[in-house]
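*Asks:* this one's sequence-less:
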Ligand code: AMP
């Protein structure tokens, strides 16, 4: 299918062409016509599927008749509200709104926590038609009478599953209470858990359900590999893989903020430029870290799952699971950072013995056996028959060695 067949206006088609998009992604193909028909949509689509354009492009066309050049804020009420779980995703969505909407004279703004309220209050006071927000900050702004949501016609819940995981449900309910009951609602979620289905059932009106996998599916264009390794040699192995493979732009996942910080400083001290990004760092630091990573000054970005949500880094070639996540679905999100938009990517996991169960959980979810390889000089001292066995003739001693516990406490 071609973009021309979706019902978008000519200037948006030109913008899409200028962005270099040749054909719509599956979620765009399904969602754009439905959103233009003003249907409620429940879409299972992960980051990397092109979901942001799938809702942004039709919203721009729907709101276009309201575009005006009046200086009166009253002529620019918030008409579309996009809620996202993290600041990074909010920034990324708002950049997309600005990119895709550059030929449409509608105003857009983004608000999120962790930065001063005043500039956001001023920006909202001038009037904006499209507002991208994280829930907590939006409620603060409503409380200050800086944001008025009474005229919102379109609500988008982006990465709704993550918003629920992060405990935003009460905030979302409060926001819903401020909106018109007759509005169009689009709910995007990487997964359709029971909680998501319940939320969808309570807020969507006769929705159309869309389910798409990532371009190709992760397995096709992402090479996944497991390196069995002793816990206390993971840092060394990571450095070895980066240097030996001449990897640049490596996104490394840890389970805790503490491990992220420690690993980044270890790499930095050992000759690999690295920085950590997690929710304890000031927003300005996170933005700076991301910029340094994007422009190649920083080779390795170490992130926790929460901080990584919404990071849009194009053509990211390498993702490393320094530790497997507690939740197998987070593995899918992590690996989804590479191989985006059809490019190929590598996702490697450094797995120590204590993580064998986590690896089994991932394999069960993906319904695949992830291939494994022992890196030269990194044969684990203690091994288990499956799936972390070592090759025949290696020095690994089954079960008899010292037990090496995996990093960190639970959840950071
Ligand atoms: P998203 O899933 O919205 O985070 O988008 C993932 C990436 O895909 C972004 O970098 C977009 O610029 C890119 N993208 C979106 N739509 C298309 C398309 N139709 N063709 C190629 N790339 C696209």
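*Replies:* Cool, the structure landed. What you see is a predicted model, and the numbers here were worked out from it, not measured in a lab.
*Asks:* what about the strands in the stretch 301-412 of the chain?
*Replies:* Applying DSSP state E, counting those that start in this stretch to the stretch 301-412 of the chain gives strands spanning 318-321, 345-351, 382-383, 397-398.
*Asks:* residue 241 sits in which helix or strand?
*Replies:* Element membership of residue 241, judged by DSSP states H and E, is helix 234-244.
*Asks:* now do the very next helix or strand once past that helix, average pLDDT.
*Replies:* Next helix or strand after helix 234-244 toward the C-terminus (DSSP H and E): strand 250-253. Averaged over strand 250-253, pLDDT sits at 95.
*Asks:* same check, this time on stretch 171-180
*Replies:* The model assigns stretch 171-180 a mean pLDDT of 95.
*Asks:* and the pLDDT at residue 108?
*Replies:* pLDDT, residue 108: 97.
*Asks:* wait, it touches residue 95, no?
*Replies:* No. Applying CB atoms under 8 Å, one finds residue 108 not in contact with residue 95, separated by 9.7 Å. Yep, even glycine has a C-beta here, placed from its N, CA and C like the rest.
*Asks:* can you mark which positions in stretch 183-194 are buried?
*Replies:* 183-190 (16 or more other CB atoms under 10 Å).
*Asks:* contacts for that stretch, please.
*Replies:* Stretch 183-194 is contacted from outside by 31, 35, 38-47, 51, 55, 152-162, 164, 196, 199-200, 203-205, 207, 211, 329, 332-333, using CB atoms under 8 Å, 6 or more residues apart in numbering.
*Asks:* among these, the buried ones, what's the ChimeraX command?
*Replies:* ChimeraX command restricting the contacts of stretch 183-194 to the buried ones, with burial defined by 16+ other CB under 10 Å:
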select :31,35,39,40,41,42,43,44,45,46,47,51,55,152,153,154,155,156,157,158,159,160,161,162,164,196,199,200,203,204,207,329,332,333
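*Asks:* any weak-confidence spans in the chain?
*Replies:* The chain contains residues with pLDDT under 70 at 213-220, 279, 309-315, 340-343, 382-412.
*Asks:* before we move on, the earlier item: for the strands of the stretch 301-412 of the chain, give me JSON lines that also has distance to residue 285 and mean neighbour count.
*Replies:* Output for the strands of the stretch 301-412 of the chain, formatted as JSON lines (distance: least, CB to CB, whole Å; neighbours: other CB atoms under 10 Å):
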{"stretch": "strand 318-321", "distance to residue 285": "22", "mean neighbour count": "24"}
{"stretch": "strand 345-351", "distance to residue 285": "26", "mean neighbour count": "24"}
{"stretch": "strand 382-383", "distance to residue 285": "38", "mean neighbour count": "22"}
{"stretch": "strand 397-398", "distance to residue 285": "44", "mean neighbour count": "12"}
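*Asks:* of all the ones you listed, which one is nearest the ligand?
*Replies:* Among these, strand 345-351 comes nearest to the ligand, with 12.8 Å by CB to the nearest ligand atom.
*Asks:* what comes into contact with that closest one?
*Replies:* By CB under 8 Å, 6+ apart, strand 345-351 touches 221-229, 234, 237-238, 241, 316-324, 331, 334-335, 337-339, 358-359, 370, 372, 388.
*Asks:* any of the residues you listed buried? List them.
*Replies:* Buried members of the contacts of strand 345-351, counted by 16+ other CB under 10 Å: 221-222, 224, 226-229, 234, 237-238, 241, 316-324, 331, 334-335, 337-339, 358-359, 370, 372, 388.
*Asks:* residue 275 is nearest to which of the strands of the stretch 301-412 of the chain?
*Replies:* Evaluated with CB to CB, the strands of the stretch 301-412 of the chain place strand 318-321 nearest to residue 275, the distance being 14.7 Å.
*Asks:* can you pick out the ones from the buried residues of stretch 183-194 that are in strands?
*Replies:* Among the buried residues of stretch 183-194, the ones falling in strands (DSSP state E) are 184-189.
*Asks:* between these, which is nearest the ligand?
*Replies:* residue 188 (9.2 Å).
*Asks:* residue 108 and residue 95: which is more packed in?
*Replies:* residue 108 (22 against 15; other CB atoms under 10 Å).
*Asks:* from residue 9, how far out is the more buried one?
*Replies:* The spacing between residue 108 and residue 9, counted by CB to CB, to the nearest Å, is 17 Å.
*Asks:* same question, residue 320
*Replies:* Distance from residue 320 to residue 9, by CB to CB: 42 Å.
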